[in-house]
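Asker: just coords:
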């Protein structure tokens, strides 16, 4: 299957999603609920506790959450399956990335994505890769962020089984998913049999403590009058300390 995330259309939509200003994304008549759904990559990362030497952003797309993690981590690695997304994220390290916002029919508006103030690009590294086949020598991390990734994987349980070996004791894990399980991405045999949260508990509680569950809306603009408004279930987990018995 051709990867839709290599298309110019999706690249432009995600650059706007990650780096666009409210004025660039929203129509003047936008209701408050649309405005509250902006800055999703920033809001999910803000749920981490301060600190952490190494961070990993899986399914980083065009890199906003990776750069946001650099505010508190000493080193952050962003990995995404899309070559186009990774090229854009890497370019943003040193220069703005031009793109076109689709308005309607043949009409579009030229825009530029650029890094927000206060992030530390020198702490960030990007790599094209597959969350289903991560390198064995990736190392371990104090903070791991995976937003809107699980329900786009062909076998998400494979990643869940790998997560404990990627996390340092006491490390924090953020998983965000809109639970939009679709056969075009994940065969039905690999969908959760019940609620997604129960499925996550079944796979993670042997190694992680569930700290918090919340809902975070996000908004992707397709045209000046068509938007994807979605709610993502955000869970925060903490890796068990290996030198303490589990209760």
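Answerer: Done, it's in. Just so it is clear, the model here is predicted, and its values are computed rather than measured.

Asker: By mean pLDDT, flag the weakest helix or strand of this protein.
Answerer: Evaluated with mean pLDDT, DSSP states H and E, the helix-and-strand set of the chain has its lowest mean pLDDT in helix 32-36, which scores a mean of 95.

Asker: I'd like the distance from residue 217 to residue 53, if you could.
Answerer: Between residue 217 and residue 53 the computed distance is 31 Å (C-beta to C-beta, to the nearest Å). To be clear about C-beta, it is placed using only N, CA and C from the backbone, and glycine gets the same treatment.

Asker: between those two, which one's more packed in?
Answerer: When neighbours are counted by other C-beta atoms under 10 Å, residue 217 comes out ahead of the other of residue 217 and residue 53, with 16 against 13.

Asker: Which helix or strand contains the more buried one?
Answerer: With secondary structure defined by DSSP states H and E, residue 217 is part of strand 208-221.

Asker: Tell me the helices and strands packed up against that strand.
Answerer: Strand 208-221 is packed against helix 8-19, helix 32-36, helix 40-45, strand 167-177, helix 196-204, strand 227-239, with contacts defined by 3 or more C-beta pairs under 8 Å, 6 or more residues apart in numbering; DSSP states H and E.

Asker: what are the bridge partners for the residue positioned nearest the centre of the chain, then?
Answerer: In the chain, the C-alpha nearest the mean C-alpha coordinate belongs to residue 147, at 3.1 Å (C-alpha atoms, centre = their mean). Following DSSP bridges, residue 147 is listed with bridge partners residue 176.

Asker: okay but residue 180 is in contact with residue 150, surely?
Answerer: No. Residue 180 is not in contact with residue 150 according to C-beta atoms under 8 Å; the separation is 10.2 Å.

Asker: before we move on, back to that, tell me the angle of the strand holding residue 217 relative to strand 167-177?
Answerer: With axes from the mean of the first three to the mean of the last three C-alpha atoms, to 10 degrees as the criterion, the two stretches strand 208-221 and strand 167-177 enclose an angle of 40 degrees.

Asker: neighbouring contacts of the least confident helix or strand of the chain?
Answerer: 22, 26, 217, 219, 227, 229 (C-beta atoms under 8 Å, 6 or more residues apart in numbering).

Asker: Look at the closest residue to residue 92 other than its chain neighbours and tell me its secondary structure.
Answerer: The shortest distance from residue 92 to any non-neighbouring residue, by C-beta to C-beta, 6 or more residues apart in numbering, is to residue 115 (5.6 Å). Three-state assignment for residue 115 (DSSP: H, G, I helix; E, B strand; the rest coil): coil.

Asker: Which residues are in contact with residue 115?
Answerer: The neighbours of residue 115, taking C-beta under 8 Å, 6+ apart as the test, are 19, 67, 92-93, 121.

Asker: re the thing from before, and the strand holding residue 217, how far out from the chain middle?
Answerer: Taking the mean C-alpha point of strand 208-221 and that of its whole chain, the gap between them comes to 11 Å (C-alpha atoms, centre = their mean, to the nearest Å).

Asker: okay, the angle between it and helix 196-204?
Answerer: If you take the same axes, to 10 degrees, strand 208-221 sits at 140 degrees to helix 196-204.

Asker: Give me the buried positions along strand 208-221.
Answerer: Counting neighbours by 16 or more other C-beta atoms under 10 Å, one finds that the buried residues in strand 208-221 are 208, 216-221.
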